[in-house]
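In: Compute the structure for the input listed below.
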Amino acid sequence: MNKKTVMIMGGGLIGFLVLLLVVLWLLTIFKTKYYDYEEVEEKIITASEKYYKDNPELLPVNDGKYSLAYSALVNSDLIKPLNELLKDGDKCTAEIIVTKNGNNYGYIPKLNCGGSYTSTELYKQVLKDNPVVNETAGLYKAEDGTYYFRGKVKNNYVVFGSTEKGKETLPILWQIISINTDNTIKLRNVSENKLKTKWDDRYNTTESSYIGYNDFELSLIKDYLKDLETNETFLKSKDIAKLDAKNLCIGARSETETSKDGSVECSVLSNDKYIFSTLLPYEYMRASLDDDCTTADNNACTNLNYISEVDTENEWSITPVVGNDYQAYTFDGYTYEPIEAKSSNKLYVVVNLNEFAFYKSGTGTEEDPYIIR
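Out: Down below sits the predicted model:
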């Protein structure tokens, strides 16, 4: 083989390699880019926000849950079809749950890709992780279908929302109190916070003093809880949109009352629905496995009770005291005691996470809490 032939063959080989590299480069440029499931869910949220920004007249008017078709986003050129975003998009469906609470709107994507991926509601994950028990610490089921934690459980923590502390942004930690019959999850804030209010400070004509009244419907604490829904001093609107508003249990309780089923506190419901509430005496008593926890002021209620494991300051309950018109209950982490409504106390608020809060990660412990999407 002469030198000229070798040079021609070498040049041809180099040309072939260059052509191959160009083809591979072009394939890389024009190759369909696929995303993972969480990235697609984020894209759906962004597209939904843009859709309603462009079409504000289509926003729901009344509080509640609504459905937005994925095709509406595709037809508005706000997002691509699922088979162009996901490798297995041909077998996937997507639904967008739109929630409205006051002025707060939330957009919750629900992906279903068969066995490869399905958005899992947090309440389903909690039930999966906690088979119902009847004696030991764990998840119990009430006659009305409510699930609630009892004993010194360690796996009922959730991270939800964030707060500012100096230059830091810190996640807000909550404990799961119960799973309601409508699949909403009742959470109690256990992170340090700045929420503080008087129960009421009106002039009480019966007592001839500015010690307030314990009528929730006319109280300062009612106004304070309602203001939290809009002033964003605790949770941002995007987080509040993930919560359900409910009528509050505002029935009065006597100091000798022994019930733990909510029949006393829930014998009277608030006129309006609220996003924020407080822990109630019966919920604290119910969480204890000690049979000697017979009244809300009994120190035995601290025994075998996950709620008493949390170090909190003296806090208000929305529960009035039977026998007078100026006292409500406070909780000091050990017992519920009556105090004059004019007093100023902390709030460790209770909220109801809606059923479409989807599980992302975590095992529920304080070190590895449940995280939602």
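
In: Quick check: which helices or strands does the helix or strand where residue 99 lies pack against?
Out: Assessed by DSSP states H and E, residue 99 sits inside strand 93-101. Strand 93-101 sits against helix 37-54, strand 64-69, helix 70-75, strand 104-112, with contacts defined as 3 or more C-beta pairs under 8 Å, 6 or more residues apart in numbering; DSSP states H and E. All C-beta atoms are positioned from the backbone trio N, CA, C, and that covers glycine.

In: Next, the angle from the first one to strand 93-101.
Out: The reference is to helix 37-54. 50 degrees (axes from the mean of the first three to the mean of the last three C-alpha atoms, to 10 degrees).

In: Could you check the angle helix 37-54 makes with strand 104-112?
Out: On the basis of the same axes, to 10 degrees, helix 37-54 is oriented at 140 degrees to strand 104-112.

In: One more: the second one?
Out: For strand 64-69 against strand 104-112, the angle between stretch directions is 50 degrees (the same axes, to 10 degrees).

In: Tell me which other helices or strands strand 64-69 touches.
Out: Counting by 3+ C-beta pairs under 8 Å, 6+ apart, strand 64-69 packs on strand 93-101.

In: for residue 352, which residues make a bridge with it?
Out: residue 186 (DSSP bridges).

In: quick one, what contacts it?
Out: 180, 184-187, 243-244, 246 (C-beta atoms under 8 Å, 6 or more residues apart in numbering).

In: just checking, what packs against the lengthiest strand in the chain?
Out: Longest strand in the chain by number of residues (criterion: DSSP state E): strand 168-179. Contact analysis of strand 168-179 by 3+ C-beta pairs under 8 Å, 6+ apart lists helix 122-129, strand 147-150, strand 157-165, strand 185-189 as its packing neighbours.

In: Please compute how far the next helix or strand after the last one lies from its chain's middle.
Out: Translated: strand 185-189. As assigned by DSSP H and E, the chain's next helix or strand after strand 185-189 is strand 196-198. How far strand 196-198 lies from its chain's middle: 23 Å, per C-alpha atoms, centre = their mean, to the nearest Å.

In: In strand 196-198, which residues are buried?
Out: 197-198 (16 or more other C-beta atoms under 10 Å).

In: Break this structure into its domains for me.
Out: Following automatic domain parsing, the chain resolves into domains at 37-119, 125-372.

In: Of those, flag the one that's most buried.
Out: Ranked by mean neighbour count, the domains of the chain are led by domain 125-372 with a mean of 18 (mean count of other C-beta atoms under 10 Å).

In: next one: it to chain centre, how far?
Out: On C-alpha atoms, centre = their mean, the centre of domain 125-372 falls 14 Å from that of its chain.

In: what about that domain, start to end distance?
Out: 11 Å (C-alpha to C-alpha, to the nearest Å).

In: follow-up on the earlier one: looking at the contacts of residue 352, spot the one nearest residue 139.
Out: residue 185 (12.0 Å; C-beta to C-beta).

In: show me the residues around that closest one that make contact.
Out: So residue 185 contacts 122-123, 126, 158, 176, 178-179, 352-353, 357 (C-beta under 8 Å, 6+ apart).

In: orientation of the longest strand of the chain relative to helix 122-129 in degrees?
Out: Using the same axes, to 10 degrees: strand 168-179 against helix 122-129 is 70 degrees.

In: Give me the sheet partners of strand 168-179 and which way each runs.
Out: Sheet pairing for strand 168-179, using DSSP bridges, gives strand 147-150 (antiparallel), strand 157-165 (antiparallel), strand 185-189 (antiparallel).

In: For residue 330, which of those is the nearest?
Out: Closest among those, once you apply C-beta to C-beta, is strand 185-189, at 15.2 Å.

In: what's the average pLDDT for that closest one?
Out: Mean pLDDT, computed over strand 185-189, is 98.

In: Would you mind writing the CA trace of it as PDB?
Out: Coordinates of each C-alpha in strand 185-189 appear next as PDB, following Å, rounded to 0.1, in the frame of the first residue of the first chain:
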ATOM      1  CA  ILE A 185     -54.500  16.100  58.900                       C
ATOM      2  CA  LYS A 186     -54.700  18.100  62.100                       C
ATOM      3  CA  LEU A 187     -51.200  19.600  62.900                       C
ATOM      4  CA  ARG A 188     -50.000  21.500  66.000                       C
ATOM      5  CA  ASN A 189     -47.100  23.900  65.700                       C
END
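
In: Show me where the chain dips below the pLDDT cut-off.
Out: For the chain, applying pLDDT under 70 flags the ranges 1-32.

In: can we see that at 80?
Out: 1-33, 164-167 (pLDDT under 80).

In: closest to residue 52 out of the strands paired with strand 168-179?
Out: strand 157-165 (22.3 Å).

In: got a list of contacts for that closest one?
Out: Contacts of strand 157-165 (C-beta under 8 Å, 6+ apart): 122, 169-176, 185, 187, 191, 193, 234-236, 239, 242, 353, 362, 364-366, 369-372.
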